[in-house]
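[1] Let me see the structure of the following:
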Amino acid sequence: MSFSKKKKSAWKNKLVIDKISSLRSSKTLLKINKYTHQKYIKRFDIAAEKHKFSTKDLGLGRKAYFLGNGVVHLAIISGIHGEERAGPIALLKMLEKTRKGKLIPNNISLVIVPLIAFDAWNKQNRENGGINLNESWTKKFAPDYIHNLKNELTSFKPDIFLDFHEDSTIEDKEPYLFRRRGNKNIIFELQNAIDVCRKKGIWRKCIEHPGSSESFAHSIGCPETTTIETPQTEPLRSRVGFDLAILDWLFRKCGGQENKYKSLHAFWYTDKSDGDNQLEMNFLKIRYNTRKTNEEQAILRMADRMRIKNVENYTIFDF
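    Next up, the predicted model:
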(Lines give C-alpha, C1' and ligand atoms only; values in the text may rest on other atoms or scores of the structure.)
Protein backbone atom coordinates (compact mmCIF):
# COMPACT_ATOMS: atom_id res chain seq x y z
CA MET A 1 0.00 0.00 0.00
CA SER A 2 1.40 3.43 -0.94
CA PHE A 3 0.60 6.72 0.64
CA SER A 4 0.96 10.07 -1.10
CA LYS A 5 3.01 12.65 0.75
CA LYS A 6 0.80 15.31 2.32
CA LYS A 7 1.46 18.80 1.04
CA LYS A 8 3.00 21.14 3.59
CA SER A 9 1.07 24.24 4.63
CA ALA A 10 2.75 27.57 5.20
CA TRP A 11 0.29 28.17 8.04
CA LYS A 12 1.84 25.21 9.91
CA ASN A 13 5.39 26.44 9.43
CA LYS A 14 7.01 27.09 12.82
CA LEU A 15 8.35 30.53 11.92
CA VAL A 16 4.93 31.60 10.66
CA ILE A 17 3.16 30.18 13.72
CA ASP A 18 5.60 31.94 16.05
CA LYS A 19 5.09 35.28 14.34
CA ILE A 20 1.31 34.99 14.40
CA SER A 21 1.45 34.04 18.10
CA SER A 22 3.72 36.99 18.88
CA LEU A 23 0.95 39.36 17.79
CA ARG A 24 -1.13 38.10 20.73
CA SER A 25 -4.34 40.06 20.17
CA SER A 26 -6.01 41.10 16.95
CA LYS A 27 -7.46 44.25 18.52
CA THR A 28 -4.40 46.41 17.84
CA LEU A 29 -4.22 45.26 14.23
CA LEU A 30 -7.90 45.96 13.66
CA LYS A 31 -7.43 49.42 15.16
CA ILE A 32 -4.59 50.20 12.74
CA ASN A 33 -6.70 48.76 9.94
CA LYS A 34 -9.21 51.57 10.50
CA TYR A 35 -6.58 54.33 10.37
CA THR A 36 -6.63 57.01 7.70
CA HIS A 37 -3.40 57.32 5.77
CA GLN A 38 -2.50 60.43 7.79
CA LYS A 39 -2.79 58.58 11.07
CA TYR A 40 -0.87 55.58 9.74
CA ILE A 41 2.02 57.72 8.47
CA LYS A 42 2.14 59.67 11.72
CA ARG A 43 2.47 56.45 13.72
CA PHE A 44 5.03 55.05 11.26
CA ASP A 45 7.08 58.25 11.57
CA ILE A 46 7.25 57.81 15.36
CA ALA A 47 8.40 54.19 14.99
CA ALA A 48 10.93 55.13 12.29
CA GLU A 49 12.38 57.93 14.43
CA LYS A 50 13.06 55.41 17.19
CA HIS A 51 15.32 53.47 14.81
CA LYS A 52 16.85 56.66 13.36
CA PHE A 53 15.60 56.25 9.81
CA SER A 54 16.26 59.11 7.43
CA THR A 55 13.48 60.04 5.00
CA LYS A 56 13.07 61.35 1.48
CA ASP A 57 9.90 63.00 0.23
CA LEU A 58 8.34 61.29 -2.79
CA GLY A 59 5.55 63.82 -3.17
CA LEU A 60 2.04 64.35 -1.79
CA GLY A 61 3.02 63.02 1.63
CA ARG A 62 4.59 59.77 0.45
CA LYS A 63 7.97 58.98 2.01
CA ALA A 64 10.85 56.59 1.56
CA TYR A 65 12.57 55.57 4.82
CA PHE A 66 16.29 54.72 4.78
CA LEU A 67 18.35 52.90 7.42
CA GLY A 68 21.86 51.44 7.50
CA ASN A 69 24.87 51.57 5.19
CA GLY A 70 25.65 47.91 4.65
CA VAL A 71 26.67 46.26 1.40
CA VAL A 72 23.42 44.26 1.00
CA HIS A 73 20.74 46.62 -0.31
CA LEU A 74 17.17 45.60 0.61
CA ALA A 75 14.11 47.48 -0.71
CA ILE A 76 10.60 46.88 0.66
CA ILE A 77 7.35 48.48 -0.49
CA SER A 78 3.70 47.90 0.38
CA GLY A 79 0.31 49.53 0.20
CA ILE A 80 0.09 49.79 -3.60
CA HIS A 81 -3.50 48.53 -3.40
CA GLY A 82 -5.66 50.03 -0.69
CA GLU A 83 -7.69 46.93 0.15
CA GLU A 84 -4.53 44.88 0.80
CA ARG A 85 -3.93 45.79 4.44
CA ALA A 86 -1.48 43.29 5.91
CA GLY A 87 1.76 44.60 4.36
CA PRO A 88 1.65 48.17 5.73
CA ILE A 89 0.48 46.89 9.13
CA ALA A 90 3.25 44.27 9.27
CA LEU A 91 5.94 46.86 8.49
CA LEU A 92 4.61 49.18 11.20
CA LYS A 93 4.47 46.36 13.78
CA MET A 94 7.99 45.26 12.83
CA LEU A 95 9.36 48.69 13.67
CA GLU A 96 7.31 49.01 16.85
CA LYS A 97 8.07 45.54 18.20
CA THR A 98 11.83 45.63 17.55
CA ARG A 99 14.20 47.19 20.07
CA LYS A 100 16.14 50.28 19.07
CA GLY A 101 19.33 49.36 17.21
CA LYS A 102 18.20 45.76 16.61
CA LEU A 103 16.10 46.14 13.48
CA ILE A 104 18.62 45.10 10.82
CA PRO A 105 22.10 43.50 10.73
CA ASN A 106 25.04 45.84 10.20
CA ASN A 107 25.61 44.63 6.65
CA ILE A 108 22.19 45.76 5.38
CA SER A 109 21.12 49.02 3.78
CA LEU A 110 17.32 49.21 3.96
CA VAL A 111 14.70 51.35 2.26
CA ILE A 112 11.01 51.03 3.11
CA VAL A 113 8.05 52.68 1.41
CA PRO A 114 5.24 51.44 3.68
CA LEU A 115 2.15 53.01 2.12
CA ILE A 116 1.78 54.32 -1.42
CA ALA A 117 -1.92 54.41 -2.34
CA PHE A 118 -3.29 56.97 0.16
CA ASP A 119 -6.70 57.46 -1.45
CA ALA A 120 -7.16 53.73 -2.04
CA TRP A 121 -6.11 52.98 1.57
CA ASN A 122 -8.71 55.37 2.98
CA LYS A 123 -11.46 53.90 0.81
CA GLN A 124 -10.13 50.32 0.92
CA ASN A 125 -10.17 50.27 -2.89
CA ARG A 126 -7.82 48.64 -5.34
CA GLU A 127 -7.35 51.71 -7.52
CA ASN A 128 -5.92 55.01 -6.36
CA GLY A 129 -7.59 57.97 -8.07
CA GLY A 130 -8.78 55.64 -10.83
CA ILE A 131 -5.29 54.17 -11.42
CA ASN A 132 -4.03 50.71 -10.58
CA LEU A 133 -0.62 51.80 -9.34
CA ASN A 134 0.86 48.34 -9.86
CA GLU A 135 0.25 48.66 -13.59
CA SER A 136 1.66 52.18 -13.85
CA TRP A 137 5.42 51.78 -13.39
CA THR A 138 6.10 51.93 -17.13
CA LYS A 139 3.51 54.62 -17.86
CA LYS A 140 4.21 58.31 -18.35
CA PHE A 141 0.82 59.14 -16.81
CA ALA A 142 1.81 57.54 -13.49
CA PRO A 143 1.70 59.94 -10.52
CA ASP A 144 4.86 61.89 -9.81
CA TYR A 145 5.43 59.98 -6.57
CA ILE A 146 5.72 56.73 -8.58
CA HIS A 147 8.32 58.32 -10.85
CA ASN A 148 10.16 59.70 -7.81
CA LEU A 149 10.09 56.27 -6.17
CA LYS A 150 11.50 54.73 -9.35
CA ASN A 151 14.34 57.24 -9.26
CA GLU A 152 15.09 56.46 -5.60
CA LEU A 153 15.14 52.72 -6.27
CA THR A 154 17.39 53.20 -9.29
CA SER A 155 19.86 55.18 -7.17
CA PHE A 156 19.59 52.72 -4.29
CA LYS A 157 20.41 49.72 -6.54
CA PRO A 158 18.63 47.01 -4.52
CA ASP A 159 20.04 43.49 -4.30
CA ILE A 160 16.70 42.24 -2.97
CA PHE A 161 13.24 43.72 -3.62
CA LEU A 162 9.99 42.83 -1.83
CA ASP A 163 6.47 44.06 -2.54
CA PHE A 164 3.73 42.99 -0.11
CA HIS A 165 0.33 42.24 -1.66
CA GLU A 166 -2.77 40.12 -1.07
CA ASP A 167 -4.77 37.89 -3.41
CA SER A 168 -8.55 37.52 -3.15
CA THR A 169 -8.64 34.62 -5.64
CA ILE A 170 -6.52 32.03 -3.78
CA GLU A 171 -8.66 28.89 -3.63
CA ASP A 172 -6.44 26.74 -1.40
CA LYS A 173 -5.98 29.57 1.17
CA GLU A 174 -2.19 29.18 0.92
CA PRO A 175 0.09 32.23 0.53
CA TYR A 176 2.65 32.24 -2.26
CA LEU A 177 5.62 34.20 -3.60
CA PHE A 178 6.39 35.27 -7.13
CA ARG A 179 9.76 34.03 -8.41
CA ARG A 180 11.64 34.22 -11.68
CA ARG A 181 11.90 30.72 -13.14
CA GLY A 182 15.71 30.68 -13.14
CA ASN A 183 16.05 32.06 -9.61
CA LYS A 184 17.43 29.35 -7.33
CA ASN A 185 18.96 31.69 -4.78
CA ILE A 186 17.51 33.70 -1.88
CA ILE A 187 13.88 33.85 -3.04
CA PHE A 188 13.97 30.11 -3.78
CA GLU A 189 15.42 29.46 -0.31
CA LEU A 190 12.74 31.68 1.22
CA GLN A 191 10.00 29.64 -0.44
CA ASN A 192 11.47 26.48 1.05
CA ALA A 193 12.00 28.02 4.48
CA ILE A 194 8.35 29.00 4.96
CA ASP A 195 6.81 26.04 3.10
CA VAL A 196 5.09 27.88 0.25
CA CYS A 197 4.42 26.10 -3.03
CA ARG A 198 7.25 26.69 -5.51
CA LYS A 199 5.01 25.97 -8.49
CA LYS A 200 2.79 28.98 -7.86
CA GLY A 201 3.83 32.49 -8.82
CA ILE A 202 6.46 31.52 -11.41
CA TRP A 203 7.36 34.31 -13.85
CA ARG A 204 7.85 32.50 -17.14
CA LYS A 205 8.87 35.56 -19.14
CA CYS A 206 10.66 38.72 -18.04
CA ILE A 207 8.09 40.79 -19.98
CA GLU A 208 5.15 39.62 -17.85
CA HIS A 209 3.28 42.43 -16.08
CA PRO A 210 5.66 45.14 -17.35
CA GLY A 211 3.91 47.86 -15.37
CA SER A 212 4.42 46.19 -11.99
CA SER A 213 6.86 47.23 -9.29
CA GLU A 214 8.60 43.86 -9.41
CA SER A 215 9.19 44.08 -13.16
CA PHE A 216 10.67 47.54 -12.68
CA ALA A 217 13.01 46.29 -9.94
CA HIS A 218 14.13 43.48 -12.23
CA SER A 219 14.66 45.94 -15.10
CA ILE A 220 17.14 48.02 -13.06
CA GLY A 221 19.26 44.97 -12.34
CA CYS A 222 17.90 43.68 -9.03
CA PRO A 223 18.65 39.92 -9.06
CA GLU A 224 16.28 38.93 -6.23
CA THR A 225 12.72 40.21 -6.69
CA THR A 226 9.46 38.90 -5.27
CA THR A 227 5.86 39.86 -4.63
CA ILE A 228 4.34 38.28 -1.54
CA GLU A 229 0.70 37.27 -1.87
CA THR A 230 -1.41 36.29 1.15
CA PRO A 231 -5.06 35.17 0.85
CA GLN A 232 -7.52 37.87 1.86
CA THR A 233 -9.86 35.16 3.13
CA GLU A 234 -7.52 34.51 6.07
CA PRO A 235 -7.73 36.61 9.27
CA LEU A 236 -5.74 39.85 9.33
CA ARG A 237 -3.62 38.56 12.21
CA SER A 238 -2.55 35.53 10.16
CA ARG A 239 -1.68 37.63 7.12
CA VAL A 240 0.35 40.11 9.17
CA GLY A 241 2.13 37.25 10.95
CA PHE A 242 3.05 35.62 7.64
CA ASP A 243 4.53 38.89 6.35
CA LEU A 244 6.51 39.29 9.58
CA ALA A 245 7.87 35.76 9.13
CA ILE A 246 9.08 36.72 5.65
CA LEU A 247 10.89 39.78 7.04
CA ASP A 248 12.41 37.92 9.97
CA TRP A 249 13.83 35.14 7.79
CA LEU A 250 15.17 37.59 5.23
CA PHE A 251 16.96 39.78 7.79
CA ARG A 252 18.58 36.72 9.36
CA LYS A 253 19.55 35.37 5.94
CA CYS A 254 21.08 38.68 4.87
CA GLY A 255 22.94 38.85 8.18
CA GLY A 256 25.15 36.04 6.92
CA GLN A 257 25.98 37.73 3.62
CA GLU A 258 28.82 39.97 4.84
CA ASN A 259 31.46 38.49 2.53
CA LYS A 260 29.33 38.04 -0.56
CA TYR A 261 29.34 41.68 -1.67
CA LYS A 262 32.02 44.36 -1.74
CA SER A 263 32.06 47.95 -2.92
CA LEU A 264 34.55 49.82 -5.05
CA HIS A 265 34.58 53.62 -4.96
CA ALA A 266 36.26 56.21 -7.16
CA PHE A 267 36.41 59.99 -7.03
CA TRP A 268 37.62 62.64 -9.44
CA TYR A 269 37.43 66.41 -9.87
CA THR A 270 35.81 68.53 -12.59
CA ASP A 271 35.50 72.24 -13.17
CA LYS A 272 32.26 73.77 -11.96
CA SER A 273 29.99 74.93 -14.77
CA ASP A 274 29.50 78.41 -13.34
CA GLY A 275 32.99 79.46 -14.42
CA ASP A 276 34.37 80.47 -11.01
CA ASN A 277 37.46 78.24 -11.44
CA GLN A 278 36.42 75.97 -8.58
CA LEU A 279 36.65 72.21 -8.66
CA GLU A 280 33.80 69.86 -7.85
CA MET A 281 34.36 66.36 -6.47
CA ASN A 282 32.53 63.51 -8.23
CA PHE A 283 31.92 59.99 -6.89
CA LEU A 284 31.15 56.66 -8.48
CA LYS A 285 30.42 53.41 -6.65
CA ILE A 286 30.08 49.89 -8.00
CA ARG A 287 29.13 46.81 -6.00
CA TYR A 288 30.09 43.30 -6.99
CA ASN A 289 29.47 39.72 -5.92
CA THR A 290 32.72 38.28 -4.57
CA ARG A 291 31.63 34.77 -5.58
CA LYS A 292 31.59 35.83 -9.24
CA THR A 293 34.08 38.72 -9.43
CA ASN A 294 37.54 39.10 -7.92
CA GLU A 295 39.32 42.33 -6.97
CA GLU A 296 41.23 42.66 -10.24
CA GLN A 297 38.08 42.19 -12.33
CA ALA A 298 36.26 44.82 -10.27
CA ILE A 299 39.06 47.33 -10.83
CA LEU A 300 38.93 46.67 -14.58
CA ARG A 301 35.16 47.19 -14.48
CA MET A 302 35.70 50.53 -12.75
CA ALA A 303 38.27 51.48 -15.41
CA ASP A 304 35.70 50.73 -18.14
CA ARG A 305 33.16 52.97 -16.39
CA MET A 306 35.72 55.76 -16.21
CA ARG A 307 36.54 55.45 -19.90
CA ILE A 308 32.85 55.77 -20.75
CA LYS A 309 32.76 58.96 -18.68
CA ASN A 310 35.97 60.22 -20.35
CA VAL A 311 37.65 60.47 -16.95
CA GLU A 312 41.41 59.89 -16.94
CA ASN A 313 42.51 61.04 -13.48
CA TYR A 314 40.63 59.33 -10.68
CA THR A 315 41.38 57.68 -7.35
CA ILE A 316 40.03 54.38 -6.06
CA PHE A 317 39.40 54.06 -2.32
CA ASP A 318 37.52 52.13 0.35
CA PHE A 319 37.87 48.78 -1.35
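[2] W121: which element?
    If you go by DSSP states H and E, W121 is part of helix 118-123.
[3] Can you give me the distance of the nearest residue to R198 once chain neighbours are set aside to Y145?
    In space, and not counting its chain neighbours, R198 is closest to Q191: 5.1 Å by CB to CB, 6 or more residues apart in numbering. C-beta: built from backbone N, CA, C; applies to glycine. For Q191, the distance to Y145 under the criterion CB to CB, to the nearest Å works out to 31 Å.
[4] Same question for R237.
    Counting by CB to CB, the gap from R237 to Y145 is 30 Å.
[5] go on, H165?
    Summarising the geometry, the distance separating H165 from Y145, computed by CB to CB, is 18 Å.
[6] which other helices and strands contact the helix or strand hosting the residue nearest to R198?
    Assignment of secondary structure by DSSP H and E places Q191 within helix 186-193. Counting contacts by 3 or more CB pairs under 8 Å, 6 or more residues apart in numbering; DSSP states H and E, the secondary-structure elements packed against helix 186-193 are strand 176-177, strand 179-180, strand 224-231, helix 236-254.
[7] Return the set of buried residues in the last one.
    Buried residues in helix 236-254, counted by 16 or more other CB atoms under 10 Å: 236-251, 253-254.
[8] ok, and what's touching the helix holding W121?
    36-37, 40, 60-62, 79, 81-83, 88, 115, 125-129, 133 (CB atoms under 8 Å, 6 or more residues apart in numbering).
[9] repeat for stretch 281-294
    Looking at stretch 281-294 with CB under 8 Å, 6+ apart, the contacting residues turn out to be 71, 73, 157, 159, 259-270, 297-298, 301-302, 305-306, 309, 311.
[10] Now do the contacts for the residue nearest the centre of the chain.
    With distances taken as CA atoms, centre = their mean, I76 lies nearest the centre of the chain, 2.2 Å away. With contacts defined as CB under 8 Å, 6+ apart, the neighbours of I76 are L91, L110, V111, I112, V113, F161, L162, D163, F164, L247.
[11] of the residues you listed, closest to Q232?
    Using CB to CB, the shortest approach to Q232 within the contacts of I76 belongs to F164, at 12.7 Å.
[12] What's opposite the closest one in the beta bridge?
    Each beta-bridge partner of F164 is listed here: S78, I228, as defined by DSSP bridges.
[13] so how many other residues sit close to it?
    With neighbours defined by other CB atoms under 10 Å, the count for F164 comes to 29.
[14] Where do the strands of this structure begin and end?
    Chain-ordered strands for the chain, with DSSP state E as the definition, fall at 54-59, 62-67, 72-78, 108-113, 160-167, 176-177, 179-180, 202-203, 224-231, 261-271, 279-289, 315-317.
[15] List only buried entries from the contacts of helix 118-123.
    By 16+ other CB under 10 Å, those give H37, Y40, R62, G79, H81, G82, P88, L115, R126, E127, N128, L133 as buried.
[16] Test my guess that R43 contacts L91.
    No. Taking CB atoms under 8 Å as the definition, R43 is not a contact partner of L91, at 11.2 Å.
[17] Which of the helices and strands packed on helix 186-193 sits closest to F53?
    Across the helices and strands packed on helix 186-193, F53 has its closest neighbour in helix 236-254 (15.2 Å, CB to CB).
[18] what distance separates that closest one from the centre of its chain?
    Taking the mean C-alpha point of helix 236-254 and that of its whole chain, the gap between them comes to 13 Å (CA atoms, centre = their mean, to the nearest Å).
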